[in-house]
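In: Test case, fold it:
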Amino acid sequence: MRRFSFLLAVCLTLAAARVAYGASPAPSAPPDATAAAVPLADRADLDAVSARLNATKTLKANFTQIDQQGTAQGKFYLSRPGGLRFEYDPPRKLLVVADDHMVVVQEFAGTAGYNARVQDTPLRILLKPNVDLAKDADVTDVHREGNQLYVTAVQTKGYGQGQVTFVFAEPSLDLERWVVTDPVGAQTLVTLSDVKLNQPLDKSLFELPRVTSGIGPPR
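Out: All right, here's what the predicted structure looks like:
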């Protein structure tokens, strides 16, 4: 489970990430079931964040991740819809790449690693073209602290179950950081820096690396 915790952080981020880029409602749920549960005051905030994120087509940033394994750093790339890349600096030696079909996790140099269908992970939300947080995301809390807006959402099924709190700067509503809490209470903090928005990104960044261990996380 601990080997999979970093992917939980990716799957629930802006990343990601059930709130950051919207979510497709469960097929059996009424289209507006989640929206009806969102208070009107919170809905206004979620609509504003949605509009800001919909205007974000590409993003490049440095990230710092703090978890039970220590501190890791690297670079994050996003090209919406359908492109995501996390490059971890050594000694972690991790690479996570996703398109609109698959997410591939490469744990070391070469072909070691595994993959999963994007539709089976919260990354499908991060990579979708349109955002409507008040309607689609499983938001449980919206509040302010100083000049920051906090939005908390949950992921209850599939890979990456847990809770994530996103922190947006006001008034720009730029995403600054997020905190992921997994089902056993372990937390992962990810902070973005040197963020560059809507600049051209090389398509090769989102080419999936080859892995040999098949679909699913490591056991």
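
In: And the longest helix along the chain, what's buried?
Out: Longest among the helix segments of the chain by residue count, using DSSP state H, is helix 40-54. Buried residues in helix 40-54, counted by 16 or more other C-beta atoms under 10 Å: 42-43, 45-50, 53. Just so you know, the C-beta spots here come from the backbone N, C-alpha and C atoms, and that holds for glycine as well.

In: now swap in stretch 89-108 and tell me
Out: 92, 94-100, 102-107.

In: Now residue 143: closest residue in space that isn't a chain neighbour?
Out: Spatially, and ignoring its direct neighbours in sequence, residue 143 is nearest to residue 150 (5.3 Å; C-beta to C-beta, 6 or more residues apart in numbering).

In: Am I right that the one you found falls within a strand?
Out: Yes: counting by DSSP: H, G, I helix; E, B strand; the rest coil, residue 150 is part of a strand.

In: quick one on the thing from earlier: name the helices or strands packed onto the longest helix of the chain?
Out: helix 133-136, strand 139-145, strand 148-155 (3 or more C-beta pairs under 8 Å, 6 or more residues apart in numbering; DSSP states H and E).

In: okay, it in CSV with CA atoms only?
Out: Coordinates of each C-alpha in helix 40-54 appear next as CSV, following Å, rounded to 0.1, in the frame of the first residue of the first chain:
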residue,chain,number,x,y,z
LEU,A,40,-25.5,27.9,-2.8
ALA,A,41,-22.7,29.9,-1.2
ASP,A,42,-20.2,27.1,-1.8
ARG,A,43,-21.5,26.6,-5.3
ALA,A,44,-20.5,30.2,-6.2
ASP,A,45,-17.0,29.5,-5.1
LEU,A,46,-16.8,26.2,-6.9
ASP,A,47,-18.1,27.8,-10.1
ALA,A,48,-15.4,30.5,-9.9
VAL,A,49,-12.7,27.8,-9.4
SER,A,50,-14.2,25.8,-12.3
ALA,A,51,-14.0,28.8,-14.6
ARG,A,52,-10.3,29.4,-13.6
LEU,A,53,-9.4,25.8,-14.2
ASN,A,54,-11.3,25.6,-17.5
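
In: Lovely, talk soon.
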